[in-house]
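1. below are the sequence and a predicted model; questions follow.
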Amino acid sequence: MSRRNFAGPLLAALACVVLLPSAARAQSAFTGVVKDASGAVLPGVTVEAASDVLIEKSRSVITDGQGAYKIVDLRPGTYTVTFSLPGFSTVKREAIELPGNFTSTINADLKVGALEETVTVAGSSPVVDVSTNSKAQVLPREVLDAVPTAHTIQSVGQLIVGVSLTAPDVGGSQAMQQTYFTVHGSGASGTSVLMDGLILNGLQGDGAIQSYLNDAGNQEMIYQTGGGAGDSPTGGLKLNMVPREGGNRFAGSMFLGVENWQSDNFSDELKSKGVTSVDKIGTYHDFDVTQGGPIVRDRLWFFGSARFFTVNKPIASTVKSDGTLAGLIACRAKPGSCPQGIDDQTINSGLVRMTWQASPRNKFSAYFDRIIKNRGAAMAAGDDQSTTSVVWKSPLYLTDTVKWTSTVSNRLLIEAGWSSNIERYTNQYQDGLEYQVGTPQWSQIVTRTDSAAGTRSVVGPAEYFSYPDRYNLQGAASYVTGSHNIKFGVQDSWGPYNQAYHANGDMSETFNAGAAQSATLYATDPHFQERLNANFGVYAQDAWTMKRATVNVGLRWEYLNEQVTGQPAQPGTFAYIPAFDTIPLKTQQDWSPRVSLVYDLFGNGKTAVRIGYNKFLNSATTGLAAAIDPANGANVTQVVSWTDANKDGIAQYSVSHDANHNLVGCVYQTPGCELNFAQVKAGFGTVNPTQYDPGFLRPYINQINLGVSHELVKGVNVTAEWFRTSGQNLTFGSSTNPNYTQRPGTLNADGTVTNPSYRPVTVFSPFDGQKLTVYDTTAVSQPLQQATIITDPNRTSVYNGFDFTFNARLPRGARIFGGTTTERTIANDCSTAANSPNNLQNCDTSLSGIPWRTQFKLSGSIPLPWWDISASASYQALPGYVLSNATYSVTAATRYVVCPGNSASQGCVSGALVAPGLVASSLSVQLDAPGTTLTPRTNQLDIGFAKRINAKRFKISPKVDLFNVLNASDYFSVRSSTYSPSAIAGSVPLTPGAGYLPTTAGAAFRQPGSILQGRILRLGATMSW
């Protein structure tokens, strides 16, 4: 269904339901039961919640026939709750702290008396939610300002128990790059990022890529790691930012943080592993300013914030040469002789928010955040800043929202929301290294990578241009009684995603320990376009309270419509991508039930037992379309063998094209021909025939949770919970068309594969001599495979995790939170081996010894009893990061250097070819099982101290933060997982020649790549008014 055709049903649905944010939001509420002195329930009691955080000042409801009430859609803050009924004394509960995403149970007993007689009841704020199946960590402004972080959603998120990031942040070391959240077995694309309940996820990566958001604009940040209802589109981490709105008083702040002091953590252990330098912070400047206040008191408020953020980082095992190949050779021949490469980055952003109380029942708000990001030299270990680093620019980066809220009555709530996320960016060569097609430099200045040494030279990776635009319209209506909170809602997302690549030479070159190995050919400079026409969801849910029990039920229906946008022909050096028309995907439609039970165990609001089941469809934007995009498929790259006969490091070749645009290459190893074009599959560059099986179903996860929360002492709650997440409708790309040479095989009962398109090859592990079986293809040239993406019911992935957490709201504003998570995921992909026998390698991870991984986190802030000083800290003891499994790359020229173990008695011959007669350009042999090799555990301690100074109407708070107090030098990635056995034999470094770099074979294998930043001192100050 096209976007135009879909507009009618969408508008009809909106007309029926109106509009309210349909994603999980930070909606807080009060609930409870009112009784008289005899214990009988009291209907008709007016319950009012009042707070300065509400622009309308207060919200009120009437208890129902069961004496129950609910006040929903409240902003976090401190409230006074008043209960009044003619003939009874008024009861008032003051100073109740209501965090975001929390339902606070406040009961009341009214005594007979005059209405004007007010009884003020003292009591602590509830800390256990006995109504919702939600596990959330709420971080108010005080905690965000106190605990030492880089003030990004990721650096704050890494404090949350159960949350894992793809890279740790030390003092802002990762603040400029995307790091991704995972939680309870849900992938990065399952993360929902919301602003006041409105979706801000981007389009790229099926929603995994987020914008760079300044937390100075937030009053609270709520990280929900469990539970959900019909209004939750995904099952991963749900981050909702509650924005600051201004207020009836002009108030603002400034923050300045500077990091120019760092300890050296270049340890002897790192040096012994071949590391030549470590990651550092060279320059760190963070300046934020905020201002808010009234334009019209009680009617129109504003809030604005600006941030100017600079982080320059020297990168481990990089150099800055003079820009010539000879200069780079000299740098690497003598480590330490050249400066370390510096990754220089800036993010400047400005946001503004307006809030308008148009009438007592209608409120409007709007938010706009513009980000300007520049990165002068993106690189990794093994790169040269002058030549192989990448320049990032952001032509257009912004997020915005518009929202309307209408309290139609004390039972009916209506809201409307719009949001968008534009994240257009480019990755380009350094200045002067991009050349015009056909020039001599264009064919010579190409990317060269040494897989064994882990280095890159000459020029950076292919230039990339990414333009994802996402727009969202979402809404619902809530009807609230004392016992029910019923909500109906809709949500829709859409937008285009345009991408393009450019590479000098239309190729890249790969070396192994200095020897030419292969070349990757690109089908022109591909430009591809996918579009999300609609990701539309409709849901209904109810929270039904029956005495101590609350049953939460929800049902969500989703409609997904993606397309590949047609485009003209794209001719290139090696291939010709023909024109093609727009390819619509089959629409995906599915139901997602959600149900949970929360029980107030003792009836005093201090212990909640909860159990829940939720089905969440995998997050989707344009990922399904990308898998079958003719210009974005496997047929736009082709790896061929390369023999560098003249040893100049430049691939020599000649090509032409016949009348049908088919590639006609030179004959391999004849004069002037160093590339094996016979390995180019027929159909390279043609329209990708990948398709979806008619029975394809959208993947989803089933998530079960069982837990208990208990108020241990006043202000302190503890939670124990088990989570199980299982992947369903897992997919696999299968070659099923019998008209092509390579046919599907059979997976036999004994676990072996019968497939005439492959032949077994015996390889002895260079680790220990173990006899391994891998599979080579049986023909030199095969037609492009007809790939059909199928739903494979035999593939499984099951996560189990156990959380133990606590939260403490202590006297004098002290807050401490933390806990532990122990988790493991087991997968079985053996069913995919019938069509690709190499998938038999370690396909059942239940047999691989996957370890349980445990994390411990503790964070908080405490006011000290002296001189208005407060202390804060965070400690993370994290399991090692999972490394890619070790692989052994075998080509037709690879020979055994040694025969370890007893492999000689089984047929290994030192100096003999590993795979005689190999047809494929290379084979990848797994030397250990995925998920079994981890980096060392990471222990990171950050501390901070702040002093409060009152100077008339200004408050000044100097602050000292110390990151990585222990000066740990743990690493969380390696430069290469490709094993080169010649390293064991003590090979002599290659002699520098024309175009070659000296290297010791295998030097980068499992060598630490990204290393925890050394101890960093940040000096800063906040001034508020």
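-> Right, received. Where do you want to start? Residues are numbered from 1 along each chain as shown.
2. residue 387: neighbour count?
-> Neighbour count for residue 387, taken as other CB atoms under 10 Å: 26. Heads up, the C-betas are built off the backbone N, CA and C, glycines and all.
3. that one belongs to a helix?
-> No: applying DSSP: H, G, I helix; E, B strand; the rest coil, one finds residue 387 to be coil, outside a helix.
4. state the pLDDT value of it.
-> Taken from the predicted model, the pLDDT recorded for residue 387 is 94.
5. what residue ranges in the stretch 51-200 of the chain score low on pLDDT?
-> Low-confidence regions of the stretch 51-200 of the chain, defined by pLDDT under 70, span residues 115-117, 121-123.
6. show me where pLDDT drops low in this protein?
-> Across the chain, the stretches falling below the confidence threshold (pLDDT under 70) are 1-26, 115-117, 121-123, 633-635, 683, 686-689, 734-745, 779-786, 981-1003.
7. centroid residue for it?
-> When CA atoms, centre = their mean is applied to the chain, the residue found nearest the centroid is residue 180 (2.6 Å).
8. which phi and psi does it have?
-> Geometry field for residue 180 lists phi and psi as phi -110, psi 140, criterion degrees, to the nearest 10.
9. these two touch, right, it and residue 190?
-> No: counting by CB atoms under 8 Å, residue 180 sits too far from residue 190 to count as a contact (10.2 Å).
10. identify the contacts common to these two.
-> The overlap between the contact sets of residue 180 and residue 190 (CB atoms under 8 Å, 6 or more residues apart in numbering) is empty.
11. ok, residue 578 - how many residues close by?
-> The burial count assigned to residue 578 is 13, neighbours taken as other CB under 10 Å.
12. mind checking how far the residue lying closest to it once chain neighbours are set aside is from residue 685?
-> Distance criterion CB to CB, 6 or more residues apart in numbering; nearest residue to residue 578, sequence neighbours excluded, is residue 569 at 5.2 Å. As judged by CB to CB, to the nearest Å, residue 569 and residue 685 stand 10 Å apart.
13. neighbour-wise, which of these two wins?
-> Under the neighbour definition other CB under 10 Å, residue 569 and residue 685 were set side by side, and residue 685 has more, 29 against 11.
14. count of neighbours near the nearest residue to the more buried one once chain neighbours are set aside?
-> Ranked by CB to CB, 6+ apart and with sequence neighbours excluded, the top spatial neighbour of residue 685 is residue 575, at 2.4 Å. The number of residues packed near residue 575 is 27, by other CB under 10 Å.
15. I figured residue 575 hits residue 677, correct?
-> No: the pair formed by residue 575 and residue 677 falls short of the contact definition of CB under 8 Å, at 11.6 Å.
16. quick one, phi psi at the closest residue to residue 853 other than its chain neighbours?
-> The shortest distance from residue 853 to any residue that is not its chain neighbour, by CB to CB, 6+ apart, is 3.7 Å, and that residue is residue 879. Taking degrees, to the nearest 10, you get phi -70, psi 160 for the backbone angles of residue 879.
17. contacts only, for residue 879.
-> For residue 879, the residues meeting the contact criterion (CB under 8 Å, 6+ apart) are 853-855, 934, 937.
18. next, format the residues you listed as a markdown table and append secondary structure, neighbour count and distance to residue 126.
-> Rendered in a markdown table, the data for those read as follows (DSSP: H, G, I helix; E, B strand; the rest coil; neighbours: other CB atoms under 10 Å; distance: CB to CB, whole Å):
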| residue | secondary structure | neighbour count | distance to residue 126 |
| --- | --- | --- | --- |
| 853 | strand | 20 | 34 |
| 854 | strand | 15 | 31 |
| 855 | strand | 19 | 28 |
| 934 | strand | 14 | 40 |
| 937 | coil | 15 | 37 |
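19. would TSV of those residues with distance to residue 103 be doable?
-> Conversion of these to TSV gives the following (distance: CB to CB, whole Å):
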residue	distance to residue 103
853	33
854	31
855	28
934	39
937	37
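20. ok, these vs residue 86, which is closest?
-> Relative to residue 86, the closest of the contacts of residue 879 is residue 855; by CB to CB it sits at 55.8 Å.
21. can you pull the contacts of the closest one?
-> Under the criterion of CB under 8 Å, 6+ apart, the neighbours of residue 855 are 161-162, 164, 820-821, 876-879.
22. go again using 6 Å as the cut-off
-> Counting by CB atoms under 6 Å, 6 or more residues apart in numbering, residue 855 touches 821, 878-879.
23. for residue 614, same thing?
-> 228, 594, 703.
24. which one (most neighbours) among those?
-> The member of the contacts of residue 614 that has the most neighbours, counting by other CB under 10 Å, is residue 228 with 29 neighbours.
25. helix or strand: which one has the nearest residue to that residue once chain neighbours are set aside?
-> Take residue 228 and drop its neighbours on the chain: the residue closest to it by CB to CB, 6+ apart is residue 614, 4.9 Å away. Secondary structure assignment for residue 614, by DSSP states H and E: strand 607-617.
26. send me that strand as CSV with only the CA atoms.
-> This file holds the C-alpha atoms of strand 607-617, laid out as CSV (Å, rounded to 0.1, in the frame of the first residue of the first chain):
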residue,chain,number,x,y,z
THR,A,607,5.8,-5.3,48.4
ALA,A,608,4.9,-6.0,44.8
VAL,A,609,5.1,-9.3,43.0
ARG,A,610,4.8,-9.1,39.2
ILE,A,611,4.8,-11.5,36.4
GLY,A,612,4.4,-10.6,32.7
TYR,A,613,4.4,-11.9,29.1
ASN,A,614,5.0,-9.5,26.2
LYS,A,615,5.4,-10.1,22.5
PHE,A,616,7.4,-7.4,20.7
LEU,A,617,7.9,-7.3,17.0
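27. partner strands of it and their direction?
-> Counting by DSSP bridges, the strands paired with strand 607-617 are strand 588-600 (antiparallel), strand 700-713 (antiparallel).
28. got CSV for those, with distance to residue 610 too?
-> Formatted as CSV, the entries for the strands paired with strand 607-617 read as follows, by distance: least, CB to CB, whole Å:
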stretch, distance to residue 610
strand 588-600, 5
strand 700-713, 6
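29. for the ones you listed, which one sits closest to residue 859?
-> Proximity of the strands paired with strand 607-617 to residue 859 was assessed by CB to CB; the nearest stretch is strand 700-713, lying at 18.3 Å.
30. so whichever helix or strand comes after the closest one versus strand 700-713, what angle?
-> Going down the chain from strand 700-713, the next helix or strand is strand 716-728, by DSSP H and E. Relative orientation of strand 716-728 versus strand 700-713 (axes from the mean of the first three to the mean of the last three CA atoms, to 10 degrees): 170 degrees.
31. identify the residue nearest the residue nearest to the centre of the chain in space, chain neighbours excluded?
-> On the basis of CB to CB, 6+ apart, the spatially nearest residue to residue 180 that is not a chain neighbour turns out to be residue 188, at 3.6 Å.
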